[in-house]
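Q: coords please:
(one chain, ligands or ions: 1)
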Amino acid sequence: MKVLVIGAGIGGLALARALLADDHDVTVFERAPALRVSGAALTLWSNGTGVLADLGVSLAGVGAPIDLLEQRGWDGRVLMRIDVSRAADAYGLPHIALPRRRLIERLADELPTGTVLFDKACVRVAQHADGVRVDFADGTTATGDLLVGADGHRSVVRDHLWGADPTRPSGWVTWQGLSRVDIDVASSRRGLMIVGPEGMCGLMPAGEGLLQWWFDVRRRPDAAPVTDPLAALRDTFAHWASPVPDTLAAVAEGEVEFFAHYRHKVPRTWGRGRATVLGDAAHTMPPTMAQGANQALDDAWVLARALRRTADRDPALAIPRALAEYERSRSPRAALTARRAGPETTNKYLPTLFRLMPDPLISRYYTRWLRQVSAYLSDRPTPPRSRPTRTPAPAPAPGGTNA
Ligand SMILES: Cc1cc2nc3c(=O)[nH]c(=O)nc-3n(C[C@H](O)[C@H](O)[C@H](O)COP(=O)(O)OP(=O)(O)OC[C@H]3O[C@@H](n4cnc5c(N)ncnc54)[C@H](O)[C@@H]3O)c2cc1C
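A: Residues are numbered from 1 along each chain as shown. Predicted coordinates:
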């Protein structure tokens, strides 16, 4: 089958790998002149690392394993600990935080030359009885049997299929970066989420001695730009307990990136005829549950599996059937994830009910939740692998500070 994929982000590249392994003829069309490797770091949970292992994408030597998530108040008090290593052990699959560029490199590694075409901005798509056609900004066109829009949260393909852009600002924005910061979190297996009246500070080791840091703040995305965001952050968060001011002191001017959060209700139907969407194009959500990339990987895994069943069948009938199967599996899971991420709960003090829950119960809940949002973890035929050998997570610093 000839498959046209729009967008060479995490979802598009993962889908290309999966489809090539099944001997489909795949071309990925990317608007940018090269792979987009910006975007600080992200965390792949067992659902994401499982899909990557299945696609033969090795994460050896990159990133940092994550065993523990700790929520603190701005004054340094520990509010909650989630032992996420329970989920990693239950599924036999680690959680890894890594620079986005490393994931993109590993996904693109070993793709045959010519699989990804650059400077190809999709501007229009059309379907006819025998296939799909894509028009590009440079005046060229491409035709194929199936079109997949993996073109992110401003998706042209989604707007064609859904009629409009459904995304709305959540009211929060992020300033983030990936920096060398000499605090113990940077070399640990522990992520911190620190909440206070001014917003939320997240700190996560990302391997290579790098710390992923981010500040989520309430703000309209169309508010006047902040001319010196680093100075504004240092000023706003100066009175927070260590390691927040220490982190901001170590960050360099050019390391700060900005992005606004968007969300929408994830619909049941994603595609039509021979075209569908995948990743952020199907389910844009704030990054608060750290699941966007993981959900995109799950999409790619499920879509490739559904298309496998179309082999040797009439594409006019088999493709819409495969796309319907893909949506049935993925839309409820992505919708559940988006409903959790949308209200940005992790940016705030947890509701009392959560705070009263013992940490082991929350860790068990988290393990179950990961399976609920992942077709890979729910459907994979083999039982969980044996418990991996890990060095124990370092104990949290006494008094809940990193200083
Ligand atoms: C700060 C931040 C932190 C995050 N942290 C996490 C995390 O910890 N864990 C996690 O799972 N997720 C995280 N996410 C979310 C994750 O990055 C996204 O969900 C994921 O990148 C979506 O992948 P995608 O392939 O759908 O889209 P993208 O990665 O956005 O890729 C879309 C691609 O399509 C291209 N494109 C767009 N329009 C066109 C066009 N018209 N024609 C051709 N090409 C086009 C773009 O150039 C881009 O290369 C985070 C996101 C942010 C912003």
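Q: Spell out which parts of the stretch 51-200 of the chain neighbour the ligand.
A: Lys120, Ala121, Cys122, Ala150, Asp151, Gly152, Val156, Thr174, Gln176 (CB under 6 Å from any ligand atom). (Glycine included, C-beta is placed from N, CA and C.)
Q: in the stretch 301-403 of the chain, which ranges drop under the pLDDT threshold?
A: 381-403 (pLDDT under 70).
Q: what do you get for the chain?
A: In the chain (pLDDT under 70), the answer is 381-403.
Q: what's the single longest helix in it?
A: helix 315-341 (DSSP state H).
Q: Please see if it touches the ligand.
A: No. In terms of CB under 6 Å from any ligand atom, no part of helix 315-341 sits within range of the ligand; the closest distance is 9.5 Å.
Q: If we go by neighbour counts, what in that helix is buried?
A: The neighbour-count check on helix 315-341 (16 or more other CB atoms under 10 Å) flags 315, 318-320, 322-323, 325-327, 329-331, 333-335, 337-338, 340-341 as buried.
Q: same question, stretch 267-283
A: 270-271, 273-283.
Q: before we move on, what about stretch 297-308?
A: For stretch 297-308, by 16+ other CB under 10 Å, it's Leu297, Asp298, Asp299, Ala300, Trp301, Val302, Leu303, Ala304, Arg305, Ala306, Leu307.
Q: from the middle of its chain, how far away would that stretch be?
A: 16 Å (CA atoms, centre = their mean, to the nearest Å).
Q: That stretch close to the ligand?
A: No. With CB under 6 Å from any ligand atom as the criterion, the ligand is not reached by stretch 297-308; the gap is at least 8.0 Å.
Q: quick one: contacts of that stretch?
A: 1, 3, 10-11, 14-15, 17-19, 21-22, 24, 44, 47-48, 51-52, 54-55, 146, 148, 276, 278-279, 282, 319, 322-323, 325-326, 329-330, 333-334, 373-376 (CB atoms under 8 Å, 6 or more residues apart in numbering).
Q: Where does Leu42 fall, secondary structure wise?
A: strand 41-44 (DSSP states H and E).
Q: Repeat that for Leu107.
A: With DSSP H and E as criterion, Leu107 is part of helix 100-108.
Q: same thing with Ala53?
A: Judged by DSSP H and E, Ala53 forms part of helix 46-55.
Q: Quick one: distance of that helix to the chain centre.
A: That offset, for helix 46-55, works out to 13 Å (CA atoms, centre = their mean).
Q: And for stretch 366-384?
A: With CA atoms, centre = their mean, you get 17 Å for stretch 366-384.
Q: Is there contact, residue-wise, from that stretch to the ligand?
A: No. Residues of stretch 366-384 are not located near the ligand by CB under 6 Å from any ligand atom, the shortest gap being 10.8 Å.
Q: Pull out the buried positions in that stretch.
A: In stretch 366-384, counting by 16+ other CB under 10 Å, buried: Tyr366, Thr367, Trp369, Leu370, Arg371, Val373, Ser374, Ala375, Tyr376, Leu377, Arg380.
Q: So which of those sit within helices?
A: Among those, the members falling in helices (DSSP H) are Tyr366, Thr367, Trp369, Leu370, Arg371, Ala375, Tyr376, Leu377.
Q: Closest one to the ligand out of the buried residues of stretch 267-283, please.
A: If you rank those by distance to the ligand using CB to the nearest ligand atom, Gly279 comes first, at 2.1 Å.
Q: Spatially nearest residue to that closest one, not counting backbone neighbours?
A: The spatial neighbour of Gly279 that comes closest, neighbours along the chain excluded (CB to CB, 6 or more residues apart in numbering), is Gly11 at 3.0 Å.
Q: try Gln372
A: Leu336 (6.3 Å).
Q: that older thread, quick one: contacts for the residue nearest to Gly279?
A: Ala150, Leu278, Gly279, Asp280, Ala281, Ala296, Leu297, Asp299, Ala300.
Q: now do Gly56
A: Gly56 touches Arg17, Ala21, counting by CB under 8 Å, 6+ apart.
Q: Could you check how far it is from the ligand?
A: Distance from Gly56 to the ligand, counting by CB to the nearest ligand atom, to the nearest Å: 19 Å.
Q: Then Pro286?
A: Distance from Pro286 to the ligand, by CB to the nearest ligand atom: 9 Å.
Q: Over to the residue nearest to that residue when sequence neighbours are not counted: give its phi and psi.
A: Sequence neighbours aside, His261 is the residue nearest to Pro286 in space, at 3.9 Å (criterion: CB to CB, 6+ apart). Backbone geometry at His261, expressed as degrees, to the nearest 10, gives phi -90, psi 140.
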